[in-house]
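Asks: Attaching a predicted model along with its sequence, questions to come.
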Amino acid sequence: MKSNLDLVNETDNFPYYEDNPEKYTKLRSSYWELHLRGGSGPRGYMPQYVFEKFFEMPWVAAWDMDFGRKTLTPGPGCQEDIIRQELEQAREKGVFEVLKTGWRNELYPIYGHNDPSEKTISMERAGSALFGINSYGVHMTVYLNTTEGMKIWVPRRTKNKQTYGGYLDNTVAGGLCTGEQPFECMIRECAEEASLPEHLVRSNAKPCGTVSYIHIRDERAGGETGLVQPECQHVYDMEVGADVIPKPCDNEVEDFYLLTVKQVQEALAEGQFKPNCALVLLDFFVRHGILKGENEPDYIEIVSRLHRKMPFPTS
């Protein structure tokens, strides 16, 4: 059985320098940094073996590579086009499983620092983990208060879903594309995944902050392992009445279950939830006074770890 801190460690599993400088330095040295021309600081971390697979292909454009510092920067031309062309070529050649099976034709943003000269550029969603860029999403917990106490609507992902098939999830969740506002993304996902009408969501969904972490992917995520996935999730709550029943609308959700808080906690301890969804639920429990210092010995560590400071520019 997993403790709440185990759930945090499983998701926010990129080491902290302060905790273990030797482990952090060794791992960091195994990744290449994605940089952008005219920018300052890294935008993502690419594993050595991913770099080597890209390097084995004929590059479609010039890249500036510093083998001493292990930095990778798009060369002259449109940086967005250079990255897109490399990913398209890798997909055509079947180099990476995440591109073969996960191509979405959706764009994720790569933000610059707070400098007007640094334009936001975009990257195909399926390639974001190869380059290790910071990605964004929305997660909402839909719940109701009953005479038996609080209950939470929990979906199960379809078993054939590429990532975390068969795992439990947050009521509604999805990736935030370039130019999309978090709340509008949430409304879209509510309709697509749970058949929740727009007027209901606009009237009742409440923004509750963010959850952030840096995750190193394992085989459950599908495709290549060891990919760095820094993520920031915009978190929402929505209290509903007994007449509101989420229903699957696309092929991503198998079914919805109305679970008590105790049942959700048991499923978390059994590892039934997608890892990052576990963090969103822990944040929900903190916010609603279910998880607190009196009943959780690792309370301070858990609360602080739900909001990791990112090493890359954020929106």
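Replies: Thanks, I have it.

Asks: So Lys100 sits against Glu92, correct?
Replies: No: using C-beta atoms under 8 Å, Lys100 is not in contact with Glu92, being 9.8 Å away. Glycine gets a C-beta too; all of them are placed from N, C-alpha and C.

Asks: Enumerate every residue touching the spatially most central residue of the chain.
Replies: Nearest to the mean C-alpha position of the chain, by C-alpha atoms, centre = their mean, lies Glu231 at 4.2 Å. Listed by C-beta atoms under 8 Å, 6 or more residues apart in numbering, the contact set of Glu231 reads Asn134, Ser135, Tyr136, Gly137, Ser212, Tyr213, Ile214, His215, Asn276.

Asks: three-state assignment of Glu184?
Replies: Secondary structure, DSSP: H, G, I helix; E, B strand; the rest coil: Glu184 is helix.

Asks: Could you measure from it over to Arg104?
Replies: From Glu184 across to Arg104, the span is 18 Å (C-beta to C-beta, to the nearest Å).

Asks: per-residue confidence averaged over stretch 260-270?
Replies: What stretch 260-270 shows for mean pLDDT is 98.

Asks: Same check on stretch 185-201?
Replies: Average pLDDT, stretch 185-201: 95.

Asks: Now do that stretch: distance from first to last residue.
Replies: This stretch, stretch 185-201, spans 11 Å end to end (C-alpha to C-alpha, to the nearest Å).

Asks: For it, buried residues please.
Replies: Cys185, Met186, Ile187, Arg188, Glu189, Cys190, Ala191, Glu192, Glu193, Ala194, Leu196, Val201 (16 or more other C-beta atoms under 10 Å).

Asks: now these in a markdown table, with secondary structure and distance to Cys177?
Replies: Formatted as a markdown table, the buried residues of stretch 185-201 follow (DSSP: H, G, I helix; E, B strand; the rest coil; distance: C-beta to C-beta, whole Å):
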| residue | secondary structure | distance to Cys177 |
| --- | --- | --- |
| Cys185 | helix | 7 |
| Met186 | helix | 13 |
| Ile187 | helix | 14 |
| Arg188 | helix | 10 |
| Glu189 | helix | 11 |
| Cys190 | helix | 16 |
| Ala191 | helix | 15 |
| Glu192 | helix | 13 |
| Glu193 | helix | 15 |
| Ala194 | helix | 19 |
| Leu196 | coil | 20 |
| Val201 | helix | 18 |
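
Asks: contacting residues around the nearest residue to Lys93 once chain neighbours are set aside?
Replies: Closest residue in space to Lys93, ignoring its immediate chain neighbours: Met57 at 6.5 Å, by C-beta to C-beta, 6 or more residues apart in numbering. By C-beta under 8 Å, 6+ apart, the contact list for Met57 reads Gln89, Ala90, Lys93, Val95.

Asks: Just the pLDDT for the first one.
Replies: Meaning Gln89. Model confidence at Gln89 (pLDDT) stands at 92.

Asks: and it, how many neighbours?
Replies: As a burial measure, Gln89 scores 16 neighbours (other C-beta atoms under 10 Å).

Asks: And for Leu27?
Replies: Counted by other C-beta under 10 Å, the residues lying close to Leu27 total 16.

Asks: Please name the bridge partners of Pro155.
Replies: Per DSSP bridges, the residues bridged to Pro155 are Phe256.

Asks: Actually, Cys232.
Replies: For Cys232, the beta-bridge partners are Tyr136, Ser212 (DSSP bridges).
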